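Trainee: Predicted structure and sequence below. I'll ask about it afterward.
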Amino acid sequence: MCGIVGYVGDDTAGQIVHGGLENLDYRGYDSAGMALLGDDGLTITKREGEVSNLSVPTVTGATCGIGHTRWSTHGPPTDTNAHPHTGMSDDIAVVHNGIIENYEELRATLVADGHEFTSETDTEVVPHLLERELDDGRDLRAALESAVAKLEGSYAIATVCADTDRIVATRHESPLVVGHDDDAAFLASDVTAFVEHTRDVTYLEDGDIVTLADGDATVYRDGEVVDRPIDTVEWDATAAEKGGYDHYMLKEIHEQPTALRQALSGRIDLDRGTADLDLTFPAGFLDSLDEIQFVACGTSFYAAEYAAQLIESFADVRATAELASEYTVDGGGDPRRTLTVAVTQSGETADTLGALRRANGGGIRTLAVTNTLGSTVTRDADDSLFIRAGPEIGVAATKTFASQVTTLALLSVFVAQERNALSAADARDVLTDLRGLPGAVQQVLDDAGDVREAATAFVDASAYFFVGRAHGYPVALEGALKLKEIAYDHAEGFAAGELKHGPLALVTEDTPILAVLTEGTRPEETLNNVAEAQTRGAPAIGIVDGSVETNSLDTAFSVPSLGPVTPLVANVYFQLFAYAIAKQQGRSIDKPRNLAKSVTVE
Ligand code: G6P
């Protein structure tokens, strides 16, 4: 949620900050604003709605500026609640991501001291606290250090002050990254903001204070300068552009064959029948495991559910997937014989980080499976495994789901082999199926026109029900989530066998049933459940691979059989279907209402 941008350099800060906000508006798009420091002090401009509503003010000599795009938590999206926020005067401006949990108490103290507030946000306490610290004679860096010591909650904060030609920023449980160019320094909550200018980055750590001045960035810790490594981002700006597609989401759906090749690259040894992952666990640890727990949210949770099934079937170990926001370590087994795997595309989802910290606190070894180098999850977990999908801009996750399941399938084989639970021959079969994924997904993508045409008949449906068994079940859940997210239509995923235990009451001729009917998902039984819905008038669409006779379906789409990962290929049809419905309805596909790509509050 929310995006922060900062720039200090020789160029016109307004254009660069605005460009950065446009690159980041998938993080939140309720309102946007910027503060530019020019020859005549600070100019603050902010506006409800998307970044495109915000025009860049003309500010002479503005070579320093901060900006923000918001996903509201405290206070509705209005011009007043938009960031930057100021204190009693307009000489200080603050942008903030996260939530300040003790803001009511701080606000009450500040009001008692005579401070007047204009917004309903938690953020506004920060510029007022800073004013107080500056009045006490501190410089901006010391003032920020002292002010944040009073905050509880999570935050990334950047500030500029009228008489100091610099940006000062800090983070606590909310991402912040610095970009280094020859004569400029950048700041952002995500490298996407400035990757068109530089790929040399420093990921800040919790508690770091960074100063951006004279085109340079200096990181401080407890008042002392500290060295932080400079990493090079592997992808460039073109990876985060639409590349001729109408929407990022469609581009990312079509990028899946490439993303899957990247996920698999160098990780399969077919001769030996092994999954080669760059992971080292203590000797005997995997072998002695009683349980693997996956924790995740949203789409990542469905990938985790898929993975839990794969691990159980390959590795002969109990595996569970739990919603991160519901996860507790209480009542679990022996922490020394448990592995908790946090699955998160962004690596910044607060619920998932919370679950990970609970696992760490309970003495459980933890592994992060993520798309984002340098993200918080990679610091908090004992080990990290990257899904290598490249940047995903569309709020609704598509290619990262495919890359997560694929990477987790490799992890399942890896764990199985460490436990001697899978023979080399059986492992080779699974790995061969995984190798077939990019080509199989491409075949589905080549069928996109047919899906678009078929979807036309269902665009006015009153609800959509997705069903599947075994690995088809998480895919049904994910298919329904995509439709909800981007078409705003009622869509539910059900375990196919459960349809008759309640949901059937919802079925009418206006509720299409979309079913996964591929090998390994008990398609005969699912087909019976589909028939029960068809008898009540529902049209049926099935994703099939020839493993059962499916003439009874109203519409069928074919996928090649790839063993346990066939439903992952079926999912691409569901993505295309959701996209086609949302497109025909003229929805805001890349930035669905009320949602944000990364939710950094619990
Ligand atoms: C948000 C996004 C979802 C995403 C979920 C988990 O709710 O809108 O698309 O699945 O966060 O994100 P993560 O980055 O942890 O995978």
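Mentor: Ah, there it is.

Trainee: going forward, measure contacts and count neighbours with C-alpha atoms only.
Mentor: Fine.

Trainee: what pairs with T202 across the strands?
Mentor: Assessed by DSSP bridges, T202 has beta-bridge partners V178.

Trainee: please begin residue numbering at 58 from this point
Mentor: Happy to do that; since the first residue is 58 now, the last one works out to T259.

Trainee: contacting residues for the residue in the stretch 108-257 of the chain positioned nearest to the ligand?
Mentor: Using Cα to the nearest ligand atom, W128 is the residue of the stretch 108-257 of the chain that sits closest to the ligand, at 11.5 Å. Taking Cα atoms under 8 Å, 6 or more residues apart in numbering as the contact definition, W128 lies against 58-59, 84-88, 134, 651-653.

Trainee: Just put these in TSV and tack on neighbour count.
Mentor: Supplementary listing: these in TSV, determined by neighbours: other Cα atoms under 10 Å:
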residue	neighbour count
M58	25
C59	29
R84	26
G85	29
Y86	30
D87	25
S88	29
P134	19
N651	11
L652	19
A653	23
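
Trainee: Can you dump the C-alpha atoms of whichever helix or strand A466 is part of in CSV for me?
Mentor: According to DSSP states H and E, A466 maps onto helix 456-475. Below are the C-alpha coordinates for helix 456-475, written out as CSV (Å, rounded to 0.1, in the frame of the first residue of the first chain):
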residue,chain,number,x,y,z
LYS,A,456,2.6,-14.7,-13.7
THR,A,457,3.8,-14.7,-10.1
PHE,A,458,1.2,-17.3,-9.2
ALA,A,459,2.5,-19.6,-12.0
SER,A,460,6.1,-18.9,-10.9
GLN,A,461,5.3,-19.5,-7.2
VAL,A,462,3.7,-22.9,-7.9
THR,A,463,6.5,-23.9,-10.2
THR,A,464,9.2,-22.9,-7.7
LEU,A,465,7.3,-24.6,-4.9
ALA,A,466,7.0,-27.7,-7.0
LEU,A,467,10.8,-27.7,-7.4
LEU,A,468,11.1,-27.2,-3.6
SER,A,469,8.8,-30.2,-3.1
VAL,A,470,11.1,-32.4,-5.2
PHE,A,471,14.1,-31.0,-3.4
VAL,A,472,12.6,-31.8,0.1
ALA,A,473,11.4,-35.2,-1.1
GLN,A,474,14.9,-36.2,-2.3
GLU,A,475,16.5,-35.0,0.9
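
Trainee: between the next helix or strand after that helix and helix 456-475, how many degrees?
Mentor: Per DSSP H and E, helix 456-475 leads on to helix 481-492 as the next helix or strand towards the C-terminus. Interaxial angle of helix 481-492 relative to helix 456-475 (axes from the mean of the first three to the mean of the last three Cα atoms, to 10 degrees): 170 degrees.

Trainee: Report the buried residues of helix 481-492.
Mentor: Taking 16 or more other Cα atoms under 10 Å as the basis for neighbour counts, the residues of helix 481-492 that come out buried are 481, 484-492.

Trainee: And for stretch 513-525?
Mentor: Residues of stretch 513-525 classed as buried: 515-516, 520-525 (neighbour count, 16+ other Cα under 10 Å).

Trainee: coming back round to it: format the contacts of W128 as CSV; extra columns: pLDDT and secondary structure.
Mentor: Formatted as CSV, the contacts of W128 follow (pLDDT from 0 to 100; DSSP: H, G, I helix; E, B strand; the rest coil):
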residue, pLDDT, secondary structure
M58, 65, coil
C59, 85, coil
R84, 77, helix
G85, 75, coil
Y86, 83, coil
D87, 89, coil
S88, 93, strand
P134, 90, coil
N651, 91, coil
L652, 92, coil
A653, 88, coil
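
Trainee: from those, which are also near the ligand?
Mentor: When Cα under 6 Å from any ligand atom is taken as the criterion, the members of the contacts of W128 that contact the ligand are 652-653.

Trainee: of the contacts of W128, closest to A511?
Mentor: Top of the list for closeness to A511, among these and by Cα to Cα, is L652 at 27.7 Å.

Trainee: Now that the closest one has come up, it's in contact with V452, right?
Mentor: Yes - with contact defined as Cα atoms under 8 Å, L652 reaches V452; the gap is 7.4 Å.

Trainee: quick one, phi/psi of the closest residue to A412 other than its chain neighbours?
Mentor: In space, and not counting its chain neighbours, A412 is closest to A381: 5.3 Å by Cα to Cα, 6 or more residues apart in numbering. In this entry, A381 is assigned phi and psi values of phi -60, psi -40 (degrees, to the nearest 10).

Trainee: for A381, what are its contacts?
Mentor: With contacts taken as Cα under 8 Å, 6+ apart, A381 has the following neighbours: 352-354, 408-409, 411-412.

Trainee: Now with 10 Å, please.
Mentor: The contact partners of A381, by Cα atoms under 10 Å, 6 or more residues apart in numbering, come to 351-355, 358, 399-400, 406-413.

Trainee: what does A527 give?
Mentor: So A527 contacts 362-363, 366-367, 552-553, 573, 577-580, 621, 624 (Cα under 10 Å, 6+ apart).

Trainee: sorry, back to before: per-residue confidence at the residue of the stretch 108-257 of the chain closest to the ligand, what does it come out as?
Mentor: We have a pLDDT of 86 for W128.

Trainee: Give the rounded mean pLDDT of the helix holding A466.
Mentor: Throughout helix 456-475, pLDDT has a mean value of 98.

Trainee: Please apply the same query to stretch 355-369.
Mentor: Here the average pLDDT along stretch 355-369 is 98.

Trainee: How far off centre is it?
Mentor: Centre-to-centre, stretch 355-369 and its host chain are 16 Å apart (Cα atoms, centre = their mean, to the nearest Å).

Trainee: Export that stretch to CSV, keeping only CA atoms.
Mentor: Listed next in CSV are the C-alpha coordinates belonging to stretch 355-369 (Å, rounded to 0.1, in the frame of the first residue of the first chain):
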residue,chain,number,x,y,z
GLY,A,355,-4.4,-13.8,-1.4
THR,A,356,-3.1,-15.4,-4.5
SER,A,357,0.1,-16.5,-2.7
PHE,A,358,-2.1,-18.4,-0.3
TYR,A,359,-3.6,-20.4,-3.2
ALA,A,360,-0.1,-21.1,-4.5
ALA,A,361,0.8,-22.3,-0.9
GLU,A,362,-2.3,-24.6,-0.8
TYR,A,363,-1.2,-26.1,-4.1
ALA,A,364,2.4,-26.5,-2.7
ALA,A,365,1.2,-28.1,0.5
GLN,A,366,-0.6,-30.8,-1.6
LEU,A,367,2.6,-31.3,-3.7
ILE,A,368,4.9,-31.6,-0.7
GLU,A,369,2.6,-34.1,1.0
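
Trainee: what does the stretch 458-607 of the chain put close to the ligand?
Mentor: Of all the residues in the stretch 458-607 of the chain, not one is in contact range of the ligand (Cα under 6 Å from any ligand atom).

Trainee: Which stretches in the stretch 458-607 of the chain count as helices?
Mentor: Under the criterion DSSP state H, counting those that start in this stretch, the stretch 458-607 of the chain carries helices at the ranges 481-492, 494-502, 505-513, 529-544, 580-592.
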